[in-house]
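J.: sharing a model prediction with you, sequence too.
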Amino acid sequence: MVTGYTKPLYILPFDHRASYIKGLFNWKEPLNVEQAEIVAESKQVIYEGFKKARVPKDAAGILVDEHYGIRILRDAVQHGIITAVSVEKSGQEEFDFEYGDDFALHIEAINPTFAKVLVRYNPEGDRAMNHRQAQRLKRLSDYLQQTQRLFMFELLVPAEEQQLESLDNDKDAYDTQLRPKLMVQAVQELQNAGVEPDVWKIEGLDTRADCEKMVEAARRNNRNNVGLIVLGRGASRDRVVHWLQTAASVPGFIGFAVGRTSFWASVVAFEKKQLSMEQAAEQIAKNFEEWCQVFETGKHAVAP
C-alpha cells in the first residue's frame, strides 16, 4: 500500500524545460553545449535563492530536472536537502518517460527524495490517451513502491474544447465550476488504475470545500497518509496567496510548490544583466520565504 507523506513540504520547483528555454532565451531544444550551460547557470541562480531563504530546513525542498540541474541535484542530495526530480518528457500533452525504459536507472543514480511526474489528465478528454498514460504511470508507481521510493504526482486538468464552450469560453468559470470536480474524478480514476502517489501536487482551488473534497479523494480507502501540495501555475502573487491560504487551513494539505511566481522576474533580470546573481537570489529567497509564511499562517486560520 502507498506510504504517504504527512510532514510539511515547501517546494521551490524549477524543473521547467521547454517553456523555460523558450520563454527565457527564445531557444528550442536540442541546445548546443554552450546554450545548455547558460540554462544550467540560470537554474543555479534559483538554487542560490533557495539556499539563502530563511525557511524551515526540514520542510523546504527543490524540484529540478536532471538535464539542466544535475549538479544542483547532486549538491542538494549531498547536503540532505529534500529533492524531487522530474521523470517526464517536457512539453508533451501525453505523459511519457524522459529516459524511456531507463527511467529507473536515472532515479537510482540521483537518489532523490521524490520522483515526480507532471501529467495532463482530463477525465472527459481522450480516453485512449488517458488509458496509455495510466498504464505508464502504474509502471512507475509499482517500481517506486517496490524500491521504497516516494512518488510525487503533479496533476493538471486542462479544459477540453467542449467544456469551455459550455461556459462561453470563460476560463475562470472553468477553474471554479468544472475543474474541481474533474480533479476529484481524475484522482479516483488514476487510483483505480493502480497509480498511487505519496503526494499529489495540484492546481490551486478557490474554496475550502473544494480543498476538502480533494483531500477526501486522495485519502479514500485507507490512503490516510497521502499528502497534497498546491502549485502556483505562474499566477499573480495575490492569486497564489489566496490558494495557499485556502489550502493551508485544510488538514491533508501539507505545503506548496510555487515556481515561476517565485523566480521568473528575477531570472529574467539576471539574464538581462539588470541584477547580479546575488541580487537575483535575494529576491527569489524573499519570495520563497513569503510563501512559507503565508502557508504557516494559513494553517492556524479559523475555518469560516
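T.: Looks like it came in fine. Quick caveat, the model's predicted, so the values are computed rather than measured.

J.: I'd guessed T3 sits against N225; true?
T.: Yes: the pair T3 and N225 passes the contact test of Cβ atoms under 8 Å, sitting 6.9 Å apart. (Each C-beta comes from the backbone N, C-alpha and C, glycine too.)

J.: overlap in contacts of those two?
T.: D198 (Cβ atoms under 8 Å, 6 or more residues apart in numbering).

J.: how about G69, nearest residue that isn't a chain neighbour?
T.: Once flanking residues are discounted, G69 sits nearest to K43: 5.3 Å by Cβ to Cβ, 6 or more residues apart in numbering.

J.: can you show me the strands along this structure?
T.: Assigned by DSSP state E, the strands in the chain fall at 9-13, 60-64, 82-86, 114-120, 150-156, 199-203, 227-231, 253-257.

J.: go through the ones you listed and name the closest to N287.
T.: strand 9-13 (9.1 Å; Cβ to Cβ).

J.: what about that closest one, average pLDDT?
T.: Mean per-residue pLDDT for strand 9-13: 98.

J.: distance from it to the middle of the chain?
T.: Here the centre of strand 9-13 is set off from its chain's centre by 8 Å, with Cα atoms, centre = their mean, to the nearest Å.

J.: now for it, which elements pack on it?
T.: helix 33-52, strand 60-64, strand 82-86, strand 227-231, strand 253-257, helix 277-299 (3 or more Cβ pairs under 8 Å, 6 or more residues apart in numbering; DSSP states H and E).

J.: would you list those in a markdown table and tack on distance to T207?
T.: A markdown table is the format used below for the helices and strands packed on strand 9-13 (distance: least, Cβ to Cβ, whole Å):
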| stretch | distance to T207 |
| --- | --- |
| helix 33-52 | 31 |
| strand 60-64 | 26 |
| strand 82-86 | 27 |
| strand 227-231 | 13 |
| strand 253-257 | 13 |
| helix 277-299 | 14 |
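
J.: can you redo these as CSV with mean neighbour count, distance to A128 and mean pLDDT?
T.: Below are these laid out as CSV (neighbours: other Cβ atoms under 10 Å; distance: least, Cβ to Cβ, whole Å; pLDDT from 0 to 100):
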stretch, mean neighbour count, distance to A128, mean pLDDT
helix 33-52, 18, 34, 98
strand 60-64, 25, 30, 98
strand 82-86, 25, 25, 98
strand 227-231, 25, 27, 98
strand 253-257, 26, 30, 98
helix 277-299, 19, 38, 97
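
J.: okay, the strands of the chain in a markdown table with distance to L31 next?
T.: Below are these laid out as a markdown table (distance: least, Cβ to Cβ, whole Å):
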| stretch | distance to L31 |
| --- | --- |
| strand 9-13 | 21 |
| strand 60-64 | 17 |
| strand 82-86 | 17 |
| strand 114-120 | 21 |
| strand 150-156 | 24 |
| strand 199-203 | 27 |
| strand 227-231 | 26 |
| strand 253-257 | 25 |
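
J.: what's the pLDDT at P304?
T.: So P304 comes in at 51 (pLDDT).

J.: ok, back up a step: any idea how far F263 is from the residue nearest to G69?
T.: Counting by Cβ to Cβ, to the nearest Å, the separation of K43 from F263 is 9 Å.

J.: swap in E216?
T.: In terms of Cβ to Cβ, E216 sits 33 Å off from F263.

J.: between these two, which is the more surrounded one?
T.: Between E216 and F263, F263 has the larger neighbour count (other Cβ atoms under 10 Å), namely 29 against 12.

J.: residues in contact with the nearest residue to I254 once chain neighbours are set aside?
T.: Spatial nearest neighbour of I254, excluding adjacent residues (Cβ to Cβ, 6+ apart): G227 at 4.1 Å. For G227, the contact set (Cβ under 8 Å, 6+ apart) comprises G4, Y5, T6, K7, L9, D198, V199, W200, G252, F253, I254, G255.

J.: if G227 is in a bridge, with which residues?
T.: V199 (DSSP bridges).

J.: tell me how far it lies from F153.
T.: For G227, the distance to F153 - Cβ to Cβ - is 11 Å.

J.: list the residues that contact both of the two?
T.: Going by Cβ under 8 Å, 6+ apart, residues that sit against G227 and also against F153 are V199, W200.

J.: surely I72 and K43 touch.
T.: Yes: the criterion here is Cβ under 8 Å, and I72 meets it with K43 at 6.4 Å.

J.: mutual contacts of those two, please.
T.: V64.

J.: CA atoms of stretch 46-66 as CSV?
T.: Below are the C-alpha coordinates for stretch 46-66, written out as CSV (Å, rounded to 0.1, in the frame of the first residue of the first chain):
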residue,chain,number,x,y,z
ILE,A,46,17.3,29.9,-8.4
TYR,A,47,19.1,27.3,-6.3
GLU,A,48,21.2,30.0,-4.7
GLY,A,49,17.9,31.8,-3.9
PHE,A,50,16.6,28.6,-2.3
LYS,A,51,19.7,28.2,-0.1
LYS,A,52,19.5,31.9,1.0
ALA,A,53,15.9,31.6,2.1
ARG,A,54,15.2,31.6,5.9
VAL,A,55,12.7,28.8,5.9
PRO,A,56,12.3,25.5,7.9
LYS,A,57,15.1,23.4,6.5
ASP,A,58,13.4,20.1,7.4
ALA,A,59,10.4,21.1,5.3
ALA,A,60,12.0,23.0,2.3
GLY,A,61,13.0,21.3,-0.9
ILE,A,62,13.7,21.7,-4.6
LEU,A,63,12.2,20.2,-7.7
VAL,A,64,14.5,20.3,-10.7
ASP,A,65,15.2,18.4,-13.9
GLU,A,66,18.2,16.1,-14.3
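
J.: fine, thanks again, bye for now.
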